[in-house]
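> Provided below for reference: sequence and predicted model.
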Amino acid sequence: MGSKTKLELTWIGKENRPKLEPRILKEDSAKSYHAAHRVTNHDLFDNRLIFGDNLLALKALEQEFTGKVQSIYIDPPFNTQQAFEHYEDGVEHSVWLSLMRDRLEILHKLLHPSGSLFIHIDDSELGYLIAVADEIFGRRNRISVVTFKQSSASGPKAINPGLVTTTNFILYYAKDKELWKSFKVFVPTMRDDRYSKFIENYEAPFKDWKLISVKDAFALHHKATWNDLKARFADKLETRIEDFVLSNSDRVVRTARVAPKDVNEEARAALVQSSQIPGKVFRSERPDKDDYYFLDGEQLLFYKTKTRVINRKVTTAAAATNI
């Protein structure tokens with residue numbers, strides 16, 4: 001067979017497409033709100049709240065915004081087969097798929113070549129929606145399926161038979177993965193208490209660094225005993241310790257075993273020396289990265305590598321995952 005075939009989801013009525021004429025949007029000036037005039041040439045007056053059928057609204061946006069939208073987030077009806085006060089969430093499955101297909105096709109046109117689409121959905125139509133979105137955006141352009149906890153296993157849901165559903169999902173697609181720009185995203189996390197050592201004399205030459213416990217350093221900082229601090233801060237103690245660690249992240253450390261094969265040749269020599277001369281810190285410089293530090297045959301890891309600025313605040317952070 002010479003013809004090319006592709007994997008696709010079919011359903012009754014898939015070939016039926018609505019006839020959409022070009023539309024225009026009309027501004028209701030009585031409800032518009034923005035500054036009276038532009039202050040600079042860079043001021044933007046392009047925020048819009050559109051009231052009406054979303055398919056027709058999307059069609060109206062095509063002429064002005066095709067290929068220009070960088071990011072789109074949609075939260076369509078989940079088709080849970082329930083009736084809500086303001087909308088019907090129980091249409092026939094094939095009808096729902098056609099409704100989603102028609103909208104996704106226009107959204108695909110609106111996206112900039114390097115743009116991204118996010119679709120919030122639950123598991124009622126998840127598998128089918130993935131197949132439809134793969135067909136429109138291309139399977140290779142599916143970046144991720146994000147799972148998030150939307151509720152707890154309590155209330156009316158908990159009496160249902162089987163597993164209690166507590167999750168929702170976000171489908172993440174790129175218009176073109178080759179042009180899509182990937183940025184590492186970080187989220188706040190709890191303090192990592194494995195970093196339990198503190199460089200007491202950080203200002204001294206690194207060879208002479210001495211380590212004490214974070215607990216002792218915290219007590220010295222407050223000029224009090226540990227028992228006094230527990231009584232003074234009570235349930236705020238962990239928060240105070242975390243603030244102290246974040247404020248001194250360049251001198252809070254942990255030691256970790258490292259295999260010689262996992263470091264470069266120069267660092268390997270410093271690692272071996274640190275094993276042979278206990279109590280002395282050895283350094284291996286790296287031009288474009290943080291230097292290696294070794295003590296007693298182990299690597300010194302600094303807490304500052306665990307921190308990021310999130311919402312203008314320095315915090316312990318970890319890379320965001322698909323959970």
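Received it, and whenever you're ready, just let me know what you need.

> just the strands in the stretch 1-150 of the chain please.
69-74, 82-83, 88-89, 111-121, 142-149 (DSSP state E, counting those that start in this stretch).

> among the ones you listed, which comes closest to Arg23?
Taking CB to CB, strand 69-74 is the member of those nearest to Arg23, at 17.1 Å. Placement of C-beta: from N, CA and C, glycine included.

> what's that closest one in contact with?
By CB atoms under 8 Å, 6 or more residues apart in numbering, the surrounding residues in contact with strand 69-74 are Arg103, Leu107, Leu110, Leu111, His112, Ser114, Gly115, Ser116, Leu117, Phe118, Ile119, His120.

> redo that, cut-off 10 Å
For strand 69-74, the external contacting residues (CB atoms under 10 Å, 6 or more residues apart in numbering) are 54, 61, 100, 103-104, 107-112, 114-121, 170-171, 173, 175, 181.

> in PyMOL, how would I select the buried members of these?
To isolate the buried ones among these in PyMOL, judged by 16 or more other CB atoms under 10 Å, type:
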select buried, resi 61+100+103+104+107+108+110+111+112+115+116+117+118+119+120+121+170+171+173+175
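
> you'd agree Lys197 is up against Ala217?
Yes: using CB atoms under 10 Å, Lys197 is in contact with Ala217, at 8.9 Å.

> where do the contact lists of those two overlap?
Leu211, Arg251, Val252.

> of the residues you listed, which is the most crowded?
Using other CB atoms under 10 Å as the neighbour criterion, Val252 leads the shared contacts of Lys197 and Ala217 with 24 neighbours.

> before we move on, back to that, if we take the shared contacts of Lys197 and Ala217, which one ends up nearest to Gln150?
The closest of the shared contacts of Lys197 and Ala217 to Gln150 turns out to be Val252 (CB to CB; 35.8 Å).

> report the separation between that closest one and Phe218.
10 Å (CB to CB, to the nearest Å).

> what sits in contact with each of those two?
Listed as contacting both Val252 and Phe218 by CB under 10 Å, 6+ apart are Phe198, Phe244, Val245.

> what residues are up against the second one?
Going back to what we said before, that points to Phe244. Phe244 makes contact with Phe198, Val214, Ala217, Phe218, His221, His222, Val252 under the criterion CB under 10 Å, 6+ apart.

> then the first one?
Shown in contact with Phe198 (CB under 10 Å, 6+ apart): 210-218, 220-221, 244-245, 248, 251-253, 303.

> next step: the contacts of Phe244 restricted to helices.
Under the assignment DSSP state H, those contribute Val214, Ala217, Phe218, His221, His222 to helices.
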